[in-house]
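Novice: need a structure here:
(chains A and B)
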Amino acid sequence: MHKLLAQQVAKATDDNGSLDLDKLWTLVGAAYEDADRDRRRTDRSMSLMIEELDGVQHNLEQTVIARTKELRAREAELEAQNVRLDVALANMSQGLVMFDRDARLVICNQQFISMYRLDNENIKPGDTLEHILDRRAANGTFSADAGHYARNLSTAIEAGLQTTQFLELTDGRTVAIVRQRLASGGWVATHEDITERRQAENKIAHMARHDALTDLPNRVLLRERLNEALALVERGHKLAVLYLDLDLFKNVNDSLGHPTGDELLRQVGDRLRRCVAANDTISRVGGDEFFIIQTNIGDATDAERLARRISEAVKAPYDLHGHLVVIDASIGIALAPTDGSDANELLKNADMALYGAKASGRGIYRFFEPHMDARMKDRRALELALRQAFDDNQFELYYQPVLNLDKGDVRCCEALLRWHHPERGMVSPVEFIPVAEEIGLIVALGERVIRWACEDAAKWPDDVCVAVNLSPTQLASKNLLPTVLGALASSGLSPHRLELEITEAVLMQNSEVNLRTLHQLRELGIRISMDDFGTGYSSLSYLRSFPFDKIKIDRCFIKGLGDSSEADAIVHAVAGLADSLGMTTTAEGVETRAQLDLVRSLGCTDVQGFYYSPPVPMRELSQILAKQPQKKVAAA
Amino acid sequence: MRAQQVVWNHRSGWTPAEAGADKVPLVLYFGTREALSNGVRFNELRIMFPAAHILGCSTGGQINNNDVNDDEIVAAAISFDATRLLLCREEISDPNNSRTAGEAIGHALAGDELAGVFVLSDGLNVNGSELVAGIGSVIGPSIPLTGGLAGDGADFKETLVGGDCAPRPRSIAAIGFYGSAIRVGHGSAGGWDLFGPRRQVTRSVGNVLFELDGEPALDLYERYLGPEESKGLPSSALLFPIQVYDVKAPDSAVVRTVLAIDREARSMTFAGDVPQGWTAQLMRGNLDRLAAGAADAARQARDGLAVQDLGGRPGNECLSILVSCIGRRLLMGQRTIEEVEAAGAELGTDTLRLGFYSYGEISPHAKSGLCELHNQTMTVTTLAEVA
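Specialist: Okay, here's the model as predicted:
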C-alpha cells in the first residue's frame, strides 16, 4: 500500500478500528487534487521560466551583438589610433624612445635608430638600455661605460632627476635629450640633433662679440678682455692699451670707395695680428679705430716697441684691388696701473693720448700725459661755453668789404662770425668753429649766420651783396636750401645779392650731392664762389666741375707776391683762367698799397684785406658804405 | 531533564498529566488560533501546572511526533535538574519597533549563565529580522537563539502569543535557559530549489518589496501563480519563496516568505528585509527535497548536542522542538507528514518531538552561525541536560 494511502486509512479509522469510508474518499480525493494542482503549478512555472529564460537569452544575445559591434568599433578606432601614432612617431623630427620600469625598450622611432646609426634588425622591444648603449658604443656614438651609465640613468629617473641633458657625441654632434618619467614606471625620451642649432648659437655669440669685417673682437669683448687683464694688474701685472687710428683713412673711402676702404681695414687687422703676442687682444671699435691690449709688460718700453712695430707694419704699402695705397697710423698709449686701473679710465686716456698724437702731426705715437687731460678739460669747458653762447646769442656778425678795383667801390662784404664771451672776451673763430663742427652745432650756427647776413644786407645799397661761408657739413645738410629760401624771403633780399663761399674740401667730399645742391642754389640766382683757392689740391678740375662766379685767391699767395716770381705767376695764371671762364677774382689778405697795385696788374678784379678795411661791425660798415659816392645806405 | 507530552482535543480534552505536575517549571504548547483565542486552554494548563512558565502560540498546524494535524493542541511539560528559567514578554504595537522590542527582551534575559533563548513572536505585526537582530545585539552571537513566528493557518489575519498569560495578538514571549547543565542544539534547512533567472531588487523599503528588475514584484508573482491561485494571495505566494543575497557576500543568502500584499501599490511585504540592490531568485518546492531538507535540519540539531553526554539516556530525557514554515505545508498538502517523519528518523523515534507550522523560523544560520530569521525552512531545536 502507498505510504500516503496507509496514512489516509489510519486517519479514517476511529479509536475502535472501524474505517470511515466517506472520510477516506475525501482524503484520497484531496490527495488527487493536490497532485493535479502540483502538476499544473509545475507546468505553468516551467513554461513561464522557459519563456523568461528565452527572454533573458534573447537579451543576452542582443547584448553580445551590441558589445561585439562596440568592440569591433573600438578595435577599429584603436587600429586607427595606432596608425596615427605610427605616423606621428615616424614624422617627428626628434628621435623618440620609451623604456619600461626595468629599463627595457618599449618603442622607438626610426629617427632614433638613424640618429645613433643603429640597425632595425638589432634593436627590438624588450632590449635593455645597456644593450642599446653597447650597440652605440660599437658604432662610435657612445663612449662611456654602458652598464654604469644605464644604472645611473635609471636611478636618476627614479629620483625624478635627469629631465634634460645635452650630450656631445664623439662624432662631434650635439644631442639634446629630454626625459619624462612615466606614471607606470620607466620613461619616455626625445633625442634631438641640435648640432646646427648649437653652431648657429655659437656663431651668433661670436658675432655679438666680434667685428664682422675683420673678425677682431669688438668693443664688448674688448671690455671683457680688458677687465680680465685688469684683474691681473691688481696682482702686480702691468699692461698697455694702444689706441690706433689710420690717418686720412676717409680719403681712401672717398676716393677709392667703401669696398676698398673695407679691404684696407681687413689688411690692417691682419698686420696688427702679426704684431702682437698670443695673449694680447686687438679690437676694432669702429671706423678706422683699433684698440690693442698688451698684457704682462715689463715697462713702458715694451709698449713703445709694440707701437713702433705697429707703425712700421701699417706703413708698408697696400695693394687694394690693384690700387697701391700708403697710410699712416697715429697711436695713443695708456699704461696700467700708471695711467689708470679701470677700463673706462684707461680707454679714455688712450683716446687722449691719440688725440695728442694727431695734434702733433701724423704717423706718430704718444703716451698719455696728465696735461692732456687738462687740455681735454679746457676743450670740454669750451664746448659748454659754446653751447651756452648759442643759447644766449653771444655772437655777432662782422663784415669785411671787398673793393672792386675797376670801379673803386665796394660791391660785396664777407660776413664773419664773432663770439663775445662775457669772461674770455673775443674768441677766435679758428678756435671755436672746429669745436662747433665737432659737437654738431655748426649747422644751426650757420643757419643763424645766413639769416642775419640776409637781414643786414637788405639794408645796404642795392648793388652791394653779402658773402657767407658755407662749411662742408652745412652744404651736406638737407636744411640748407629751405634755410636759404627762408632767409631770403623774410629779409626781402634779392638772391643775386647773396654769395655763398665754399672751399675745395666741399667738392672733395661727396661731390656729386654737393654739386647738385650748388646747382640748385645757383639756379635761384645765388652766386657761388671758390674760397681759399690754392690751399688744397688746387686742382683746376674743380674749376671745371662747377661754374663758379668768383675765385678767391688765398692770402698765402698774396703774402708771397714780390718775393717769388712763382707766386706772381700763379696769381696771374689764376686770374687769367678765371677771366677766360667768366669768373671774377678776389685777392685775399691785401695789406699794403704795393700788394694792391700788384694784384691789379696781375689781373685780379677785387681785393679784400686790412689795407682797405678789417672786418667791422655792421654799424661801422654802414659808415664806410655811406662814404662811397652815389651810394645810399639804409639806416642801420 | 524530563519531557512529558500532553495533548488536547475536542473529544477528550487534555490527556492527564503525570505525577509531579505541580512542580513542572516549563510548559510549551501550540494550537490553532481558534483553539487558543478564548484563553480557556491556557487557564486549564495553568491549573494543571501551577508552578510552570507557560509559553505558547497559534500556528498553521501542529507537529506531534510523526503526525501533523489542525485539531489538537500539543504541549510538553518539561522538568529540569539543574537549569534555571526566566520568561519575559513584550507587546509590539508597530512593526517598526521590532528591534527595540528585541533589545528589551535581550536586556530582560541577559545574564552570566544564559545558555540559550527560545522565542515566540507575533507573526504578522513584527519585522522578524529586526526582532532577532535586536535580541542578538544584547545577548551576543554565542548564545543560541531559536524559536518562531506564530501562524494563522492560511488566513494571515491574526496570530497569538502567550507567555504566562492567555495567548494574544501583538505579543512576543521568550524563555531563557540558565546554567551549565543545559545543552541547546539547533538546525535549519530548506530544501527548496532555485529556478528561473536571477533578478535584481530594484526598489524596496525594509521588508516591503516593490520591484524586481524594474517590474512590480506582484506582477511577477501573479504571472507565476496564474489567475486561479492569485486569488489565494498572499498565502499562495508561499509556493514561490525568494532567496535574496548580497552579490558581494553570497553566503549571506536567506529565504524570504510573503506576509502580505498591497494590490494598489503592487508591493509585497516579506517576513524579513529584502534590501534594494540585492539579488533575488524565485524558488520552488519538490516534495522529496523538502523532506530531505527537514532531515538535514534534524541532523544538525542532533549533532549540535554533545552526544556522549546523552549516551544511553531514555528518549524522554531529550526534547526536540520542530518549527517548520507554513509555506512548506501549503505546498506538500497531505504529504507534509513526510518531512516530519524524515526529521523524526534523524532525531530518534523515542525522543519527544513537537512543534508547529509558522510564519517564520528563528535559528542560527547553518553557514554563518549568526542568528537569523528564516523562511520556508524546517528548524529544529533540541534540549537536554548533562549531569
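
Novice: Please name the nearest non-neighbouring residue to the residue in the stretch 201-350 of chain B positioned nearest to chain A.
Specialist: Distance from chain A to each residue of the stretch 201-350 of chain B (Cβ to the nearest Cβ) is smallest for residue B:333, at 3.8 Å. C-beta: built from backbone N, CA, C; applies to glycine. Sequence neighbours aside, residue A:34 is the residue nearest to residue B:333 in space, at 3.8 Å (criterion: Cβ to Cβ, 6 or more residues apart in numbering or on different chains).

Novice: Is that neighbour part of a helix or strand, or is it coil?
Specialist: In three-state terms, and counting by DSSP: H, G, I helix; E, B strand; the rest coil, residue A:34 is helix.

Novice: can I assume it is in contact with residue B:336?
Specialist: No. Between residue A:34 and residue B:336 there is no contact, the gap being 10.2 Å when judged by Cβ atoms under 8 Å.

Novice: which ones are touching the residue nearest to residue B:333?
Specialist: Residue A:34 is in contact with B:333, B:334, B:335, counting by Cβ atoms under 8 Å, 6 or more residues apart in numbering or on different chains.

Novice: helix/strand/coil for the last one?
Specialist: Reducing the assignment to helix, strand or coil with three-state DSSP, the entry for residue B:335 is helix.

Novice: who in chain A is up against chain B?
Specialist: Proximity of chain A to chain B (Cβ under 8 Å from any Cβ of the partner chain) is limited to residues A:3-4, A:7-8, A:27, A:30-31, A:34, A:38, A:40-42, A:44-45, A:48-49, A:52-53, A:56.

Novice: after the longest strand anywhere in chain A, next one along is what?
Specialist: For chain A, the strand that runs over the most residues, judged by DSSP state E, is strand A:409-421. For strand A:409-421, the following helix or strand on the C-terminal side (DSSP states H and E) is strand A:425-427.

Novice: so residue A:181 sits right up against residue A:156, yeah?
Specialist: No. In this structure, residue A:181 sits apart from residue A:156 without contact. The criterion is Cβ under 8 Å, and the distance is 9.9 Å.

Novice: Domain ranges for the chain, per the record?
Specialist: Here I'm looking at chain A. Using automatic domain parsing, the domains assigned to chain A come out as A:3-88, A:95-198, A:209-368, A:379-627.

Novice: nope, chain B please
Specialist: The record's domain parsing of chain B by automatic domain parsing lists B:2-189+B:288-385, B:193-284.

Novice: Relative to residue A:522, which of the ones you listed is closest?
Specialist: Each of those was checked against residue A:522 via Cβ to Cβ, and the shortest separation belongs to domain B:193-284, namely 110.9 Å.

Novice: how about the closest one, does it get close to chain A?
Specialist: Yes. Counting by Cβ under 8 Å from any Cβ, chain A has neighbours in domain B:193-284: B:195, B:196, B:197, B:223, B:224, B:226, B:229, B:239, B:240, B:284.

Novice: Check the model's average confidence along that domain for me.
Specialist: Along domain B:193-284, the predicted confidence averages to a pLDDT of 88.

Novice: before we move on, back to that, reformat the contacts of residue A:34 into TSV and put pLDDT and neighbour count next to each item.
Specialist: As requested, the contacts of residue A:34 are arranged in TSV below (pLDDT from 0 to 100; neighbours: other Cβ atoms under 10 Å in any protein chain shown):
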residue	pLDDT	neighbour count
B:333	87	17
B:334	88	19
B:335	89	21
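
Novice: What segments of the stretch 151-300 of chain B are strands?
Specialist: With DSSP state E, counting those that start in this stretch as the criterion, the stretch 151-300 of chain B has strands at B:161-163, B:171-178, B:182-189, B:193-194, B:199-205, B:208-212, B:215-216, B:242-246, B:249-256, B:258-262, B:267-270, B:279-284.

Novice: Repeat that for the stretch 351-500 of chain A.
Specialist: A:365-367, A:395-404, A:409-421, A:425-427, A:465-469, A:498-502.

Novice: Spit out the residues that contact residue A:181 and residue A:156 alike.
Specialist: With Cβ under 8 Å, 6+ apart as the test, residue A:181 and residue A:156 reach no residue in common.

Novice: So which residue is dead centre in the chain?
Specialist: You didn't say which chain, so I picked chain A. Nearest to the geometric centre of chain A sits residue A:208, at 9.0 Å (Cα atoms, centre = their mean).

Novice: That was the other one, I meant chain B.
Specialist: The residue lying closest to the centre of chain B (Cα atoms, centre = their mean) is residue B:148, at 2.4 Å.

Novice: Neighbours of the closest residue to residue B:197 other than its chain neighbours, how many?
Specialist: Across the structure, with Cβ to Cβ, 6+ apart as the measure, the residue nearest residue B:197 apart from its sequence neighbours is residue A:56 (4.9 Å). Per other Cβ atoms under 10 Å in any protein chain shown, the neighbour tally for residue A:56 reads 16.

Novice: you'd agree residue A:56 is up against residue B:198?
Specialist: No. Residue A:56 is not in contact with residue B:198 according to Cβ under 8 Å; the separation is 9.3 Å.

Novice: Residue of chain A closest to chain B, please.
Specialist: residue A:34 (3.8 Å).

Novice: where's that residue relative to residue B:356, distance?
Specialist: For residue A:34, the distance to residue B:356 (Cβ to Cβ, to the nearest Å) stands at 21 Å.

Novice: now residue B:48
Specialist: Remark: distance between residue B:48 and residue B:356 (Cβ to Cβ) = 20 Å.

Novice: Looking at those two, which one has more neighbours?
Specialist: residue B:356 (29 against 19).

Novice: Helix, strand or coil: sort out the more buried one for me.
Specialist: In terms of secondary structure, residue B:356 is strand; the call rests on three-state DSSP.

Novice: For chain B, what lies in contact range of chain A?
Specialist: Proximity of chain B to chain A is confined to B:195-197, B:223-224, B:226, B:229, B:239-240, B:284, B:331, B:333-335, B:337-338 under the rule Cβ under 8 Å from any Cβ.

Novice: per-residue confidence at the closest residue to residue B:39 other than its chain neighbours?
Specialist: Counting by Cβ to Cβ, 6+ apart, residue B:166 is the residue found nearest to residue B:39 once chain neighbours are left out, at 3.3 Å. As predicted, residue B:166 sits at a pLDDT of 96.

Novice: how much space between residue B:166 and residue B:91?
Specialist: Separation of residue B:166 from residue B:91 (Cβ to Cβ): 14 Å.

Novice: Pick out whichever of these two has more residues nearby.
Specialist: For residue B:166 versus residue B:91, neighbours defined as other Cβ under 10 Å are more numerous around residue B:166 (18 against 13).

Novice: Test my guess that the more buried one contacts residue B:43.
Specialist: Yes. Applying Cβ under 8 Å, one finds residue B:166 in contact with residue B:43, separated by 7.3 Å.

Novice: circling back: averaged pLDDT, the longest strand of chain A. What do you get?
Specialist: The average of the pLDDT scores along strand A:409-421 is 93.

Novice: so which strand or helix has residue A:303?
Specialist: Assigning secondary structure by DSSP H and E places residue A:303 in helix A:300-315.

Novice: same thing with residue A:569?
Specialist: Residue A:569 belongs to helix A:565-581, assigned by DSSP H and E.

Novice: in that helix, what's buried?
Specialist: Counting neighbours by 16 or more other Cβ atoms under 10 Å in any protein chain shown, one finds that the buried residues in helix A:565-581 are A:567, A:568, A:570, A:571, A:574, A:575, A:578.

Novice: Just the pLDDT for the first one.
Specialist: To tie it back to what came earlier, the one meant is residue A:567. 81.

Novice: ok, it touching residue A:560?
Specialist: Yes. Between residue A:567 and residue A:560 a contact is recorded at 3.8 Å, counting by Cβ under 8 Å.

Novice: Assign a three-state SS to residue B:30, would you?
Specialist: strand.

Novice: show me the contacts for residue 229.
Specialist: Because you didn't say which chain, this covers chain A. Contact partners of residue A:229, counting by Cβ under 8 Å, 6+ apart, are A:237, A:239, A:281, A:293, A:295, A:336.

Novice: Chain B was what I was after
Specialist: In this structure, residue B:229 makes contact with A:41, B:236, B:239, judged by Cβ under 8 Å, 6+ apart.

Novice: All set now, cheers.
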